[in-house]
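Asks: model this:
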Amino acid sequence: MKTNKFYKTVLNLTLLSAGISAFIRIISFISSDYNIDVLLNFEYFLISFIYAFFITIANVVGFDILYSKYSWDRDAKKLVVLGITGSVLWSTLAFFLARFSHLVFIEGLSVDQFLEEESFQTYVFSMLIAFTVTLAFHVFYFYKALQDIKLKEKTFESESNSAKFDALKNQLDPHFLFNSLNVLSALIDEDPDKAQDFTIGLSQVYRYVLDQKHKDLVSLKEEIKFAETYLDLLKMRFENSIDVHIDDHLADIDAKVIPLSLQLLLENAIKHNTISEHSPLKIKIYIENTLLVVKNNYQPKQGDTPQKRNGIGLDNIKSRYKLFTDEKCLVEKTEDAFLVKLPLLQLQNL
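Replies: Numbering: from 1, shown residues only. Here you go, the predicted structure:
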């Protein structure tokens, strides 16, 4: 099998060298005012073939050995240095062997005469040609290798981010359903009729949750509309104990947000604050510069801590935003208020 591959390589190199020699003969034919003798001179063709064959095979073998030890992915800079240096050396050696074959076997010089007439100046031009051609070759492949590496990194990063995002979105389903069932359970004891209405509303809301599984981002308008629907469910449970104000200006802003981010923040506020008619939970949703702000009055439940507030919901939002922007989700707490500020993505107008 290896023998067949070797013969095939030699045949390809021979054909390539013959093609180069033919090209040189055609150029010489044209430059000699189309002298047919120049084109048909077999000796000139043979000489050109010898130089082409020796130099071609030297570079093919040299680079084959070099690429068996190094790769553009791992050793791009080393390949450039070794490739240029090696090509100059083995091209010069190939040029020497070609001249030896040409002058000794074709021109009839003795070995001693050949060696006496050889000088360093004879090889300067060939070394310069080898250096220039190989440098151009390696600059091209070095650039191509860098682009391939960047593409692989971006592809890997994209696939990795996609996998992370899917995992984060899948985390929401049981989390949302668990908290909603807790609300439903409380309603069943307090008001069975409201529990039935809540069940119908929950099915509609959960349909939206399932639809968002296939979206990376949603429009702010769409998210606000869903938040309002979700708030209707919460008001079935808490009635006048919740007061929510959503800035009317939000509907006019062409921007994107992470799906279910508002729902998770509303749920977070419900979970960590005491709620009653005497101490209602007041929530405001508005724009501050290029941030979407969800603010609620701070009346923590007994035993609630800042560490507990950063549960699945808030951590999930932060993690998903990291995949789309370097801007951070900001969490601020004052003596009487708790604020979460989300970056608006792909913002068009404000």
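
Asks: So Leu82 versus Phe96, what's the distance?
Replies: According to Cβ to Cβ, to the nearest Å, Leu82 stands 21 Å off from Phe96. Bear in mind the C-beta positions are built from the backbone N, C-alpha and C, glycine included.

Asks: The one helix or strand Trp90 maps to - contacts with which helices or strands?
Replies: Assigned by DSSP states H and E, Trp90 belongs to helix 72-100. If contacts are counted by 3 or more Cβ pairs under 8 Å, 6 or more residues apart in numbering; DSSP states H and E, helix 72-100 sits against helix 42-69, helix 121-190.

Asks: tell me the pLDDT at Glu223?
Replies: pLDDT, Glu223: 89.

Asks: Let me see the contact set for the residue lying closest to Arg237 once chain neighbours are set aside.
Replies: If the residues on either side of it in the chain are set aside, Arg237 comes closest to Val183, at 5.1 Å by Cβ to Cβ, 6 or more residues apart in numbering. When contacts are counted by Cβ atoms under 8 Å, 6 or more residues apart in numbering, Val183 touches 198, 233-234, 237.

Asks: quick check: domain ranges of the chain?
Replies: 2-118, 156-343 (automatic domain parsing).

Asks: Quick one: those as a markdown table, columns for distance to Lys150 too.
Replies: Formatted as a markdown table, the domains of the chain follow (distance: least, Cβ to Cβ, whole Å):
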| stretch | distance to Lys150 |
| --- | --- |
| domain 2-118 | 12 |
| domain 156-343 | 10 |
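
Asks: closest to Leu128 out of these?
Replies: domain 2-118 (8.9 Å; Cβ to Cβ).

Asks: which residues of the stretch 201-350 of the chain fall in strands?
Replies: Remark: strands assigned in the stretch 201-350 of the chain by DSSP state E, counting those that start in this stretch are 218-219, 242-246, 256-257, 281-288, 291-297, 330-333, 337-343.

Asks: Show me what the fifth one is packed up against.
Replies: Using 3+ Cβ pairs under 8 Å, 6+ apart as the contact criterion, the secondary-structure elements in contact with strand 291-297 are helix 261-272, strand 281-288, strand 337-343.

Asks: same question, the third one
Replies: Contact partners of strand 256-257 among helices and strands, from 3+ Cβ pairs under 8 Å, 6+ apart: strand 218-219, helix 220-238.

Asks: ok now that strand, how far from the chain's centre?
Replies: 22 Å (Cα atoms, centre = their mean, to the nearest Å).

Asks: List of residues touching it?
Replies: 217-220, 223, 292, 342, 344-346.

Asks: Only whichever of those residues are buried, select them in PyMOL.
Replies: Those of those that count as buried under 16 or more other Cβ atoms under 10 Å are selected in PyMOL with:
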select buried, resi 217+218+220+223+292+342+344+345
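
Asks: Contacts only, for Ser185.
Replies: Taking Cβ under 8 Å, 6+ apart as the definition, Ser185 has no contacts.

Asks: any idea how far Arg207 is from it?
Replies: Relative to Arg207, and taking Cβ to Cβ, Ser185 is found at 21 Å.

Asks: can you check Phe178 too?
Replies: 18 Å.

Asks: hang on, the earlier thing: now render the strands of the stretch 201-350 of the chain as CSV, adding distance to Asn35 and mean pLDDT.
Replies: Formatted as CSV, those follow (distance: least, Cβ to Cβ, whole Å; pLDDT from 0 to 100):
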stretch, distance to Asn35, mean pLDDT
strand 218-219, 76, 88
strand 242-246, 90, 91
strand 256-257, 73, 90
strand 281-288, 83, 93
strand 291-297, 81, 94
strand 330-333, 83, 92
strand 337-343, 76, 94
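
Asks: mind putting these in TSV, distance to Thr92 included?
Replies: Shown next, in TSV, are the strands of the stretch 201-350 of the chain (distance: least, Cβ to Cβ, whole Å):
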stretch	distance to Thr92
strand 218-219	65
strand 242-246	78
strand 256-257	61
strand 281-288	70
strand 291-297	66
strand 330-333	65
strand 337-343	61
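
Asks: Out of those, the one nearest Glu116 is which?
Replies: Nearest of these (Cβ to Cβ): strand 337-343, 79.4 Å.

Asks: Just the buried residues of the closest one, please?
Replies: 338-343.

Asks: Kindly report the same for stretch 183-195.
Replies: Quick answer for stretch 183-195 (16+ other Cβ under 10 Å): 183-184, 187, 195.

Asks: do stretch 68-81 as well
Replies: 72, 75-76, 79-80.

Asks: Same check on stretch 318-331?
Replies: Quick answer for stretch 318-331 (16+ other Cβ under 10 Å): 318-321, 324, 329.

Asks: Isn't Leu13 up against Val60?
Replies: Yes - between Leu13 and Val60 there is a contact under Cβ atoms under 8 Å: 6.3 Å.

Asks: so how far is Ile246 from the nearest residue to Ser261 once chain neighbours are set aside?
Replies: Distances taken as Cβ to Cβ, 6+ apart place Ile317 nearest to Ser261, at 5.1 Å, with adjacent residues excluded. Counting by Cβ to Cβ, the separation of Ile317 from Ile246 is 18 Å.

Asks: So for the two, which residue has more residues nearby?
Replies: Ile317 (22 against 17; other Cβ atoms under 10 Å).
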